[in-house]
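Trainee: Provided below for reference: sequence and predicted model.
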Amino acid sequence: DAGVIQSPRHEVTEMGQEVTLRCKPISGHDYLFWYRQTMMRGLELLIYFNNNVPIDDSGMPEDRFSAKMPNASFSTLKIQPSEPRDSAVYFCASSPPRDSGTQYFGPGTRLTVL
Amino acid sequence: AQSVTQPDIHITVSEGASLELRCNYSYGATPYLFWYVQSPGQGLQLLLKYFSGDTLVQGIKGFEAEFKRSQSSFNLRKPSVHWSDAAEYFCAVGAINDMRFGAGTRLTVKP
């Protein structure tokens, strides 16, 4: 079975541009998480979904960030407009039902905002 | 407040030597406990987890961890480190709706 798939793997954009990161969770998993990783702040939870419904978005830094999960096999994280301080590695992770927390991480998207 | 502490930011060991990475936590109830490993340029991979039962758990790649309730610790061990174990290791504590990750410990392996 394929793991969590993220695209693109690398994204370089200019300040002010819109960025969309994509995630396909493992089939059958009912939780999906978006994280951001930086040297300064470590791994931060941005938002998570259960059965496609956003449960907790308190980690989303500001209104420039938004996330959607239109169906069980796809989620997006959008930044509009992007700023240099958004440069980070963004991870998507998914969890199976009734597993009490085990998360399966994707390879990440390295975002650079110039 | 719930928190996870990995006291060692960076550890260097010689290949073949034993390893212990520390993890301490503060949590309201007995939490679920995890260790993940992250190799450069990759996502986090689960090494092992503790939910209940035997407090010594075995994981992949020859790793094990011991849950000590009295010390609020969940330290990761390996008896003989291989060069391929060089990576960053994260302890995580909590439940599906309240997971906390430690800041990570970077492991360097000397030949």
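Mentor: That came through fine.
Trainee: only C-alpha atoms from now on, for both contacts and neighbour counts.
Mentor: Will do.
Trainee: now do the strands in the chain.
Mentor: Went with chain A since none was named. A:5-7, A:10-13, A:19-24, A:31-38, A:42-50, A:53-56, A:65-71, A:74-79, A:88-95, A:104-105, A:109-113 (DSSP state E).
Trainee: meant chain B actually
Mentor: Under DSSP E, chain B gives strands at B:3-5, B:10-14, B:19-21, B:24-26, B:32-38, B:44-50, B:56-58, B:64-68, B:73-78, B:87-95, B:98-101, B:105-110.
Trainee: ranking these by burial, who's on top?
Mentor: Most buried of the strands of chain B by mean neighbour count (mean count of other C-alpha atoms under 10 Å in any protein chain shown) is strand B:87-95; its value is a mean of 24.
Trainee: got the contact list for it?
Mentor: By C-alpha atoms under 8 Å, 6 or more residues apart in numbering or on different chains, the residues outside strand B:87-95 that reach it are A:100-101, B:4, B:6, B:23, B:25, B:27, B:31-40, B:99-108.
Trainee: next one: stretch A:88-99
Mentor: Under C-alpha under 8 Å, 6+ apart, the answer for stretch A:88-99 is A:4, A:6, A:23, A:25-26, A:28-38, A:101-112, B:43.
Trainee: which strand residues bridge residue 37?
Mentor: All of this refers to chain A. On the basis of DSSP bridges, residue A:37 is bridged to residue A:43, residue A:89.
Trainee: chain B, not that one
Mentor: Taking DSSP bridges as the rule, residue B:37 bridges to residue B:45, residue B:89.
Trainee: tell me the residues of chain A that contact chain B?
Mentor: A:42, A:43, A:91, A:100, A:101, A:102, A:103, A:104, A:105, A:106, A:107, A:108 (C-alpha under 8 Å from any C-alpha of the partner chain).
Trainee: could you redo the last one with a cut-off of 10 Å?
Mentor: When proximity is defined by C-alpha under 10 Å from any C-alpha of the partner chain, chain A lies next to chain B at A:4, A:9, A:31, A:39-45, A:48-50, A:55-56, A:89-93, A:95, A:97-110.
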